[in-house]
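sequence-free structure coming up:
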């Protein structure tokens, strides 16, 4: 069995729910501490009983976003800019990338303008 590592907020939820189940505590007080409803507390109690600590790990952990640009395309765009088009302004470079790679300019702008 793998050791489960929880992040700070997940660990906090786990500890509160564990204490609630172990001591048969007050669900309303636990809901106030976590900033959620009693119904959510009931769901967390069921998760705790069925899955234990593993149930508190977020489902998307470790997955890349669907809009992630592959690393080889990122490197190709960066090398294009550095080696060939460093004197071009950003809008013109986006047009060049769209014609060479086929990636829309707004996508490139969103991904690389902040870097």
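Sure thing, it's come through. Only a predicted model underlies this, so the values are computations on that prediction, with no experimental measurement involved.

now do the longest helix along the chain, average pLDDT.
Secondary structure of the chain per DSSP state H: the longest helix is helix 8-23. Helix 8-23 comes out with an average pLDDT of 96.

equivalent analysis for stretch 47-57, please.
Across stretch 47-57, pLDDT averages out at 94.

and that stretch, how far out from the chain's middle?
How far stretch 47-57 lies from its chain's middle: 20 Å, per C-alpha atoms, centre = their mean, to the nearest Å.

for that stretch, buried residues please.
Residues 47, 48, 53, 55, 56, 57 are the ones in stretch 47-57 that count as buried (16 or more other C-beta atoms under 10 Å). (C-beta placed from N, C-alpha, C; glycine too.)

and if you look at stretch 7-14?
10, 13, 14.

check contacts around the first one.
This means residue 10. Residues near residue 10 by C-beta atoms under 8 Å, 6 or more residues apart in numbering: 56, 57, 58.

what's the closest non-adjacent residue to the last one?
Here the nearest residue to residue 58 in space, its sequence neighbours aside, is residue 10; by C-beta to C-beta, 6 or more residues apart in numbering that works out to 7.0 Å.
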